[in-house]
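Asker: Sequence first, predicted model second:
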Amino acid sequence: MHRFADSRTRAATWLRPALLVFLLAGFALRLHELTRQDIWWDEARNIDVALRPFLQIATAPELDIQPPFYYWLLHVWSMLAGAAMGQPPTQLAFFMRWMSVFAGMLGVALLMALGRRVGGVTVGALAVAIGALSPFWLAESQETRMYTLGFALLTAAAVLFLDQLARRDSAPDALFNRSSLLFVFLSAAALLTHYNAVFVLVAWYGWWGVWALLRVERWRQVGVVSTHGLLMTLLVLPVAPIALRQIPGYENPNIAIVTLSEYLRQNWQAYLGGYAYDSTMLGGFADAWLWGAAIIASVGILIGAMREEEREKGGKGKAAPIANLQSSNLSISFILTWLFGALALYYIAVLDRNAFNVRYASFVTPALYIMLAVGLTGFGRWWRPLPYLLAVGLAIGLAAAAYADLYDRRFDREHIAAVTEWLRANTAPGDAIFVDQKYPFGFYYQPYLIDDVQEPPASETPLARYLFVDINTIDQQLSAWARDARRIFWVQWFESDTDPRRSVHFLLDKYGRHSGEQWFQGYAIDWWELAPPTHFELAPDMQPSVHQFDQAVRTVEISLPPALRTGEPLAVALRWQRVPGGAVSRPLKARVALYNAAGDRVAQADERLLNDRHRAPDQWQMDDRPLGVHLLTAPEDLAPGRYSVRLLVYDADTLEPLTWIDAAGAPAGIEPELGTVVIDG
């Protein structure tokens, strides 16, 4: 008894200062360079929505796939911090990111409470160290996003879940207890912070249901589980109309589905190595460190599980009942279900919705860090100092990755401040600036208009506008906004899918002269010189023209100029549709090419076939009639004469051409002639 008390005293002696050091180190890391990175798209959207009147937040159209709880909290936080639109962006970033710092540190501290319940003091302390140094959690703590809040809420909910479960051994007849009620409220808050928390909650309730079925009074416990689930559902029910508006139709067809192995690899690399992970870190041994940590943790978990099983048998020849929470293995099984169950459920959603990003599944990271700590602690069965020596090795890699996240500019998100500074220095009155993303340009540049309802302010600085690209009306929009512009600057974000058919480039190349381009981290600027007044027209004089390719797609109309001057680009526009009753199951591209009388191809332009929702032909509706544009640049020394314009459709992946079907329904080759054009010198 005295030895046990002495052990507790020794643990308390080193635990408090160690925790203080870990928490202070984590806090210092999160405050360090807090405003070095520019505000980027997600942050700007979050700040803009949060600073609106409170009652307008829930219905804001910008919340395409986000519940409102985080934005409500951020709104209150901004009021307390005195943040407001129009403040210098660095000041605004500092105020608004503080909430993520606070939530991030709360999540780190809660790892201690969760770790103690899972595997004891050492597990809790090591989990705190991992969370404090985690480059992934560091990056999320330095951005105005909801992820650190989700981590903290789910970690606190997990602590309360294990507490309420332990109390059921002493009070099995109670439907609710204080911990279980708080668990329900925090779970609901997590779900209202980010919808992807549902994957964690489903895994939790699934584990709880199995636990209930293994109890002697199984049906009563199943009723307890169901009642708690019902109460949580009632708490989130008020936002159901918002969720039903956002979730059913959400998908991102521009994100490729990854294989299961690649999915797990990317998540593991990000959650341990962070967004700035580079295999050249640690003298080129970063990959060895990354996968060595996985192997060591797995071995340590097995060691601890076997020793725990031996301890539970206690020489009595049988293990303790699995439904008894006093079993450390049982609480570890809960954490493993959180980790792998939620990852599996999210991967199923990825296969259905094409919406994979490592941060979307990151609500498993508290469980991951707990299991890493459990694995390190398991080696203490062999030699007591070994877990701490292994933790030092892990910390070396975490510190290197955190350093890269803070200082390696290769991994900066984007440099919008440099973009706007360059524009102010290189534009003049009479120029027009268009931006392909609503955010965060206006935080760094004024005057900037997001919609055409606003009146352009009087300013000597050229007006910048957000240009939403609708290929069917883009020519009219440019004519209205840039008719008298001498130069047009087009600012594009590196993740933009605003104009995948390149209609803006098509029009500006057609009516202007491309004068240059400038690249920045996350952005590209192209600019053109024009001779105003300019009347932009995307597809003049469209004529019926049907050319079918297999039973997949066919043209409906064509815009083809009859004659050109030498050196003038050939602008071709085609309207497409799926073949009625046909089938297409692959992405397609179309090539428009120019041939001379000898049959030599002298120019071509290849573009993806996409509809107005930017989807490939296999996802087109039968009434879709999307436009596609091709701008061919012929050699400057091309001889005058009549040239043939032909069309080829091919598989975007394999490059295999589709067969052209003639008017009689018979195969007729692969490249029909669309018409001819006379080039006059």
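Answerer: Right, received. Where do you want to start? Numbers count the residues shown, from 1 in each chain.
Asker: Near the closest residue to residue 202 other than its chain neighbours, how many other residues are there?
Answerer: Spatial nearest neighbour of residue 202, chain neighbours left out: residue 345 (5.9 Å); criterion: Cβ to Cβ, 6 or more residues apart in numbering. Any C-beta I mention is one placed from the backbone N, CA and C, and that applies to glycine too. Other residues near residue 345 number 19, with proximity taken as other Cβ atoms under 10 Å.
Asker: Make sure I have this right: residue 345 is in a helix.
Answerer: Yes - with the criterion set as DSSP: H, G, I helix; E, B strand; the rest coil, the secondary structure at residue 345 is a helix.
Asker: quick one: contacts for it?
Answerer: Taking Cβ atoms under 8 Å, 6 or more residues apart in numbering as the criterion, residue 345 is in contact with 199, 202-203.
Asker: And the pLDDT for it?
Answerer: You'll see residue 345 listed with a pLDDT of 95.
Asker: do residue 316 as well
Answerer: Here the pLDDT value assigned to residue 316 is 47.
Asker: Any quick PyMOL command for the buried ones out of the contacts of residue 345?
Answerer: A single PyMOL command selects the buried members of the contacts of residue 345 (16 or more other Cβ atoms under 10 Å):
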select buried, resi 199+203
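Asker: and which of the contacts of residue 345 is nearest to residue 269?
Answerer: Proximity to residue 269 was ranked across these by Cβ to Cβ; first place goes to residue 199, at 20.0 Å.
Asker: so the closest one, which of the three states?
Answerer: helix.
Asker: Residue 118 and residue 424: what is the separation?
Answerer: Plainly put, residue 118 is 55 Å away from residue 424 if you go by Cβ to Cβ, to the nearest Å.
Asker: now swap in residue 592 and tell me
Answerer: As defined by Cβ to Cβ, residue 592 lies at a distance of 39 Å from residue 424.
Asker: Comparing the two, which shows the higher neighbour count?
Answerer: Comparing residue 592 with residue 424 by other Cβ under 10 Å, the one with more neighbours is residue 592, at 25 against 12.
Asker: Now for that one: which residues touch it?
Answerer: Residues near residue 592 by Cβ under 8 Å, 6+ apart: 572, 574, 604-605, 630, 632, 645-647, 674.
Asker: run the last query once more with 6 Å
Answerer: For residue 592, the contacting residues are 572, 605, 630, 647, by Cβ atoms under 6 Å, 6 or more residues apart in numbering.
Asker: Can you give me the buried ones in stretch 331-345?
Answerer: Those buried within stretch 331-345 under the rule 16+ other Cβ under 10 Å are 331-343, 345.
Asker: Could you pull up phi and psi at residue 622?
Answerer: phi -70, psi -20 (degrees, to the nearest 10).
Asker: Quick check: end-to-end length of stretch 563-573?
Answerer: 15 Å (Cα to Cα, to the nearest Å).
Asker: Out of the contacts of residue 345, flag the one nearest to residue 35.
Answerer: Nearest to residue 35, judged by Cβ to Cβ, of the contacts of residue 345 is residue 199 at 32.9 Å.
Asker: Residue 342 is in contact with that closest one, correct?
Answerer: Yes - Residue 199 lies in contact with residue 342 (Cβ atoms under 6 Å); the separation is 4.3 Å.
Asker: in the chain, which ranges drop under the pLDDT threshold?
Answerer: Under the criterion of pLDDT under 70, the regions of the chain flagged as low confidence span 1-12, 172, 246-256, 307-328, 354-355, 454, 681.
Asker: show me what contacts residue 171?
Answerer: If you count contacts by Cβ under 6 Å, 6+ apart, then residue 171 has nothing around it.
Asker: how close does it sit to residue 179?
Answerer: Residue 171 sits 11 Å away from residue 179 when distances are taken as Cβ to Cβ.
Asker: Please apply the same query to residue 290.
Answerer: 37 Å.
Asker: Likewise for residue 286?
Answerer: Applying Cβ to Cβ, the value for residue 286 to residue 179 is 41 Å.
Asker: can you check residue 203 too?
Answerer: From residue 203 to residue 179 the distance is 19 Å (Cβ to Cβ).
Asker: now residue 655
Answerer: Counting by Cβ to Cβ, the gap from residue 655 to residue 179 is 61 Å.
Asker: Tell me, how many residues neighbour residue 455?
Answerer: Going by other Cβ under 10 Å, the residues that sit close to residue 455 add up to 7.
Asker: hmm, which two among the buried residues of stretch 331-345 are most spread apart?
Answerer: Within the buried residues of stretch 331-345 (distances taken as Cβ to Cβ), the two that end up farthest apart are 331 and 345, at 20.9 Å.
Asker: wait, is residue 644 part of a strand?
Answerer: Yes - for residue 644, which was evaluated using three-state DSSP, the result is membership in a strand.
Asker: out of everything not next to it in sequence, what's closest to it?
Answerer: Beyond its immediate neighbours in the sequence, the residue positioned closest to residue 644 (Cβ to Cβ, 6+ apart) is residue 595, lying 4.4 Å away.
Asker: how about the strands in the stretch 551-681 of the chain?
Answerer: 553-559, 563-565, 570-578, 588-595, 601-608, 627-632, 641-651, 660-661, 673-680 (DSSP state E, counting those that start in this stretch).
Asker: returning to what we had before: on the strand side of things, show who the residue nearest to residue 644 bridges to.
Answerer: Beta-bridge partners for residue 595, by DSSP bridges, are residue 601, residue 644.
Asker: and the gap between it and residue 510?
Answerer: Taking Cβ to Cβ as the measure, residue 595 falls 21 Å from residue 510.
Asker: same thing with residue 372?
Answerer: Here the criterion is Cβ to Cβ. By it, residue 372 lies 57 Å from residue 510.
Asker: Likewise for residue 523?
Answerer: Separation of residue 523 from residue 510 (Cβ to Cβ) stands at 24 Å.
Asker: same check, this time on residue 329
Answerer: In this structure, residue 329 lies at 69 Å from residue 510, with Cβ to Cβ as the measure.
Asker: What of residue 163?
Answerer: As defined by Cβ to Cβ, residue 163 lies at a distance of 68 Å from residue 510.
Asker: Kindly report the same for residue 186.
Answerer: As judged by Cβ to Cβ, residue 186 and residue 510 stand 57 Å apart.
Asker: Can you pick out the residue with more neighbours from these two?
Answerer: Each of residue 186 and residue 510 has its neighbours counted (other Cβ under 10 Å); residue 186 has more, 21 against 17.
Asker: residues in contact with that one?
Answerer: Contact analysis of residue 186 by Cβ under 6 Å, 6+ apart lists 153, 156-157.
Asker: could I get the residues you listed as TSV with distance to residue 552 and secondary structure?
Answerer: Formatted as TSV, those follow (distance: Cβ to Cβ, whole Å; DSSP: H, G, I helix; E, B strand; the rest coil):
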residue	distance to residue 552	secondary structure
153	48	helix
156	53	helix
157	50	helix
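Asker: between these, which is nearest residue 418?
Answerer: Comparing these against residue 418 with Cβ to Cβ picks out residue 153 as the nearest, at 36.1 Å.
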